[in-house]
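[1] Generate coordinates for the sequence data below:
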Amino acid sequence: MGRRVVITGIGAVTPLGNTAVETWEGIKAGRSGVGPLTRLDADQFPAKVAAEVKGFSIEDFIEKKEARKMDRFTHYALAASIEAMRDANLELDESTGLRTGVWIGSGIGGMETYESQFRTFLDKGVRRVSPFFVPMMIPDMASGQVSIYFGAKGINSCSVTACASGTNSIGDAFKVIQRGDADIMITGGAEAPITNMAVAGFCANTALTTNPDPSTASRPFDSNRDGFVIGEGAGIVILEELEHALARGAKIYAEVAGYGSTGDAHHITAPAPEGEGAARAMKQAINDAQVSLDEVGYINAHGTSTPYNDLFETQAIKSVFGHHAHKLAISSTKSMTGHLLGAAGGVEAIFTALALKEGILPPTINLQSPDPELDLDYIPNEAREKTVYAAISNSLGFGGHNASLVLKKY
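    Here you go, the predicted model:
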């Protein structure tokens, strides 16, 4: 077993709030961040609702001149990273900067920039395309800009694994510290996919709900679920080697103990039958964490509110945990945040860590009509007070990407 790794800072920009604290209060209260689709012309799309970030201004964090060189997904990542570093009470100098890395994932990167610049190219020609077009669009630029802002000179990377991007990034960052290549990692996911082409694409492959009622549109594990609600934002955690954190008196949210990542090798969008790949990712993470099955008390499920995902993830949990599956508490916080795609794993790792630290398990809201095939404990509608020793956060993405983290109460 390598060096121990803990979470010492959290930051988030989500449909529930522009800080991790505000977001978590919304989660505990069972509040929905879903509303009418306002950023686009909703009349064009079968999907009428979205989980949009509200009242956010990047100029609260950086100068307007710099902000104009970044896509919206990078704005969210930078704001969440600034919050997380402040929360961890960390400032980097020449020495600590060399031992601090950044690993922030994004599923589709600067889609908003791509669309606006392509329109410029069509309307005005090649000479009017921004020189910042490529560095604004590419998905690794959230990681790049965060590294530049803080002077973090360690490993600088980005996982692009669709909806597993945030969880893969945290898992890979965890391994960087565990093997001794860094002492601190700024990690998570960021996404700004509420754009014409992204929403059109998800509508075209029937992934998005067509339920026009924001209050019931995101309903994981419910028999009336018909697709996910697209969301946006960022979730960033500060990972730190345990002795390094203790030496500076850092507060600790939870320990990152295990990571599993697998491929379905099955289909570009549909999960493998019975969640076979997701099951292997959970097993890997549990084995890596060296915890027993009955020590795991909570799972923050991928829980997208799509017919296939919720069924196959439930089947995967049953195949891994056997009889213990019915004793587990499981919830999908996407019922409240919508689906933040590559950022989902970042915010859900934060929720999992806070659930362990505070002994409050988030609910699955809008669970009104149980599906007879989904017969586990999904913490319906209200948060639950319960002390848990170990918890899992799952993320599953297009392309057959499966990622699981095991966090332990510190």
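[2] ok, which stretches of the stretch 51-200 of the chain are helices?
    Counting by DSSP state H, counting those that start in this stretch, the stretch 51-200 of the chain has these helices, from start to end: 64-67, 72-87, 94-98, 111-124, 133-137, 141-150, 165-178, 196-204.
[3] Return the set of buried residues in the third one.
    What it means is helix 94-98. Under the neighbour-count criterion of 16 or more other CB atoms under 10 Å, helix 94-98 has 96, 97 buried. For every residue, glycine as well, the C-beta is placed using N, CA and C.
[4] Kindly report the same for the longest one.
    The neighbour-count check on helix 72-87 (16+ other CB under 10 Å) flags 72-85, 87 as buried.
[5] likewise the shortest one?
    Across helix 64-67, burial judged by 16+ other CB under 10 Å covers residue 67.
[6] check contacts around residue 392.
    Neighbour list for residue 392: 282, 285, 286, 296, 298, 299, 300, 352, 404, 405, 406, 407 [criterion: CB atoms under 8 Å, 6 or more residues apart in numbering].
[7] Phi, psi for it please.
    Phi and psi for residue 392, reported as degrees, to the nearest 10, are phi -120, psi 140.
[8] Can you name the residues bridging to residue 236?
    residue 11, residue 188 (DSSP bridges).
[9] how far away is it from residue 389?
    Separation of residue 236 from residue 389 (CB to CB, to the nearest Å) stands at 25 Å.
[10] With residue 381 instead?
    Note on residue 381: its distance to residue 389, by CB to CB, is 25 Å.
[11] again, but for residue 47
    40 Å.
[12] now do residue 276
    Note on residue 276: its distance to residue 389, by CB to CB, is 27 Å.
[13] So for these two, which residue has more residues nearby?
    residue 276 (18 against 14; other CB atoms under 10 Å).
[14] coming back round to it: which ones among the contacts of residue 392 map onto strands?
    296, 298, 299, 300, 404, 405, 406, 407 (DSSP state E).
[15] mind giving me JSON lines with the residues you listed and columns for distance to residue 132 and pLDDT?
    Below are the ones in strands among the contacts of residue 392 laid out as JSON lines (distance: CB to CB, whole Å; pLDDT from 0 to 100):
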{"residue": "296", "distance to residue 132": "45", "pLDDT": "98"}
{"residue": "298", "distance to residue 132": "43", "pLDDT": "98"}
{"residue": "299", "distance to residue 132": "41", "pLDDT": "98"}
{"residue": "300", "distance to residue 132": "36", "pLDDT": "98"}
{"residue": "404", "distance to residue 132": "36", "pLDDT": "98"}
{"residue": "405", "distance to residue 132": "34", "pLDDT": "99"}
{"residue": "406", "distance to residue 132": "40", "pLDDT": "99"}
{"residue": "407", "distance to residue 132": "37", "pLDDT": "98"}
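[16] From those residues, pick the one nearest residue 37.
    Residue 37 lies nearest to residue 300 out of these, by CB to CB, at 25.9 Å.
[17] Which element is encountered next along the chain beyond the host helix or strand of residue 6?
    In this structure, residue 6 sits in strand 5-13 according to DSSP states H and E. Downstream of strand 5-13, the first helix or strand assigned by DSSP H and E is helix 20-28.
[18] Mind giving me the packing neighbours of that following helix?
    Contact here means 3 or more CB pairs under 8 Å, 6 or more residues apart in numbering; DSSP states H and E; on that basis helix 20-28 packs against strand 5-13, helix 72-87, helix 334-337, helix 344-358.
[19] list the buried ones in it?
    Those would be 20, 23, 24, 26, 27, 28, for helix 20-28 by 16+ other CB under 10 Å.
[20] Pull the residues that contact the following helix or strand past it.
    Sequence order places strand 35-36 as the next helix or strand after helix 20-28, per DSSP H and E. Contact with strand 35-36 is made by 15, 42, 48, 49, 50, 51, 52, 214, as judged by CB under 8 Å, 6+ apart.
[21] what is the rounded mean pLDDT of strand 35-36?
    In this model, strand 35-36 has a mean pLDDT of 98.
[22] next one: that strand to chain centre, how far?
    Taking the mean of its C-alpha atoms, strand 35-36 sits 21 Å from the chain's own mean (CA atoms, centre = their mean, to the nearest Å).
[23] State the number of residues packed around the closest residue to residue 227 other than its chain neighbours.
    Using CB to CB, 6 or more residues apart in numbering and skipping the chain neighbours, the partner closest in space to residue 227 is residue 209 (3.8 Å). Residue 209 has 28 neighbours, counted by other CB under 10 Å.
[24] cool, the one 5 residues further on as well?
    Close neighbours of residue 214, defined as other CB under 10 Å, add up to 19.
[25] isn't it right next to residue 33, touching?
    No: the pair residue 214 and residue 33 fails to qualify as a contact (CB atoms under 8 Å) at a distance of 9.3 Å.
[26] ok, now how distant is residue 133 from residue 271?
    For residue 133, the distance to residue 271 - CB to CB - is 35 Å.
[27] again but with residue 53, I slipped
    According to CB to CB, residue 53 stands 28 Å off from residue 271.
[28] what about those two, which has more around it?
    Taking neighbours as other CB under 10 Å, residue 53 and residue 271 compare with residue 271 leading, 27 against 24.
[29] The more buried one in helix, strand or coil?
    Judged by DSSP: H, G, I helix; E, B strand; the rest coil, the three-state class of residue 271 is coil.
[30] That one: what's it in contact with?
    Contact analysis of residue 271 by CB under 8 Å, 6+ apart lists 264, 277, 278, 308, 309, 312, 313, 396, 400.
[31] Now render these as JSON lines, adding distance to residue 64.
    Below are the contacts of residue 271 laid out as JSON lines (distance: CB to CB, whole Å):
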{"residue": "264", "distance to residue 64": "44"}
{"residue": "277", "distance to residue 64": "44"}
{"residue": "278", "distance to residue 64": "43"}
{"residue": "308", "distance to residue 64": "44"}
{"residue": "309", "distance to residue 64": "40"}
{"residue": "312", "distance to residue 64": "45"}
{"residue": "313", "distance to residue 64": "43"}
{"residue": "396", "distance to residue 64": "38"}
{"residue": "400", "distance to residue 64": "41"}
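[32] which two in those are spaced the farthest apart?
    313 and 400 (13.9 Å).
[33] and these two? which has more neighbours close in?
    The neighbour comparison of residue 313 against residue 400 (other CB under 10 Å) goes to residue 313, with 30 against 22.
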